[in-house]
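**Q** okay, structure incoming, though there's no sequence with it:
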């Protein structure tokens, strides 16, 4: 007696088609994200910075300009991780000047805009360990702290190896007790610095290595 085979149910076919289509879209998205960052896994970047602190403890600490340098690794999943160093100089009321300097780490994820070539928006987070230094005619003060930021930007691809990066992050700042040294006597005084907020605006050039 011949065996009668059952035909696949139309709904089963539709579910299978959805799974295949979803897999294709996810794969395409991952591929686009990888190319949106850099054609090379390893890259270096140099940027000009405009950075500032806000909060009661930093009323006299004006925003300032500086630079950052970083190395970046792009994974096969479209996520890239940058590790670098930043330095900015600031005008401080009642002092000769001040600075913020220290290392940072910045993961980010870039996206491709359908139909638009070589323009890639990205989202990012940034954590840094900074040293705040302020000096005057008769004193010098320092404090260590950290920042935790979130933000994003846009990469403009100039070639397979070179991207222009314009971005900004905003977040929280907290510094430990400051140490003030009297230049004349060498006496040290400590006090509270405090917490607040910060911003970092960046314009730079990223170059793929290998």
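**A** Thanks, I have the structure now. Treat the numbers as computed from the prediction; the structure is a model and nothing was measured. Numbering: from 1, shown residues only.
**Q** just checking, what packs against the longest strand seen in the chain?
**A** With secondary structure taken from DSSP state E, the chain has its longest strand at strand 139-157. Under the contact criterion of 3 or more Cβ pairs under 8 Å, 6 or more residues apart in numbering; DSSP states H and E, strand 139-157 touches strand 119-135, strand 162-175, strand 178-182, strand 194-208. No exception for glycine: its C-beta is placed from N, CA and C like everyone else's.
**Q** paired strands for that strand, with orientation please.
**A** Note on strand 139-157: by DSSP bridges, its sheet partners are strand 119-135 (antiparallel), strand 162-175 (antiparallel), strand 178-182 (antiparallel).
**Q** which strand or helix spans the closest residue to residue 70 other than its chain neighbours?
**A** Using Cβ to Cβ, 6 or more residues apart in numbering and skipping residues adjacent in sequence, the residue nearest residue 70 is residue 84, 2.7 Å away. Assigned by DSSP states H and E, residue 84 falls within strand 79-90.
**Q** if we can go back for a sec, the longest strand of the chain: which residues count as buried?
**A** 139, 141, 142, 143, 145, 147, 149, 151, 152, 153, 155, 157 (16 or more other Cβ atoms under 10 Å).
**Q** and the residue nearest to residue 70, how many residues sit next to it?
**A** 18 (other Cβ atoms under 10 Å).
**Q** I figured it was touching residue 67, is that so?
**A** No. Applying Cβ atoms under 8 Å, one finds residue 84 not in contact with residue 67, separated by 10.0 Å.
**Q** which strands and helices sit next to the helix or strand that comes right after the strand holding residue 84?
**A** Following strand 79-90 in sequence order, the next helix or strand is strand 97-110 (DSSP H and E). If contacts are counted by 3+ Cβ pairs under 8 Å, 6+ apart, strand 97-110 sits against helix 10-37, strand 64-74, strand 79-90, strand 119-135.
**Q** and the third one, which strands flank it?
**A** Translated: strand 79-90. As assigned by DSSP bridges, strand 79-90 forms pairs with strand 64-74 (antiparallel), strand 97-110 (antiparallel).
**Q** got the angle for it vs strand 194-208?
**A** Angle, strand 79-90 to strand 194-208, by axes from the mean of the first three to the mean of the last three Cα atoms, to 10 degrees: 120 degrees.
**Q** list the buried residues for strand 79-90?
**A** So for strand 79-90, counting by 16+ other Cβ under 10 Å, buried means 80, 82, 84, 86, 87, 88, 90.
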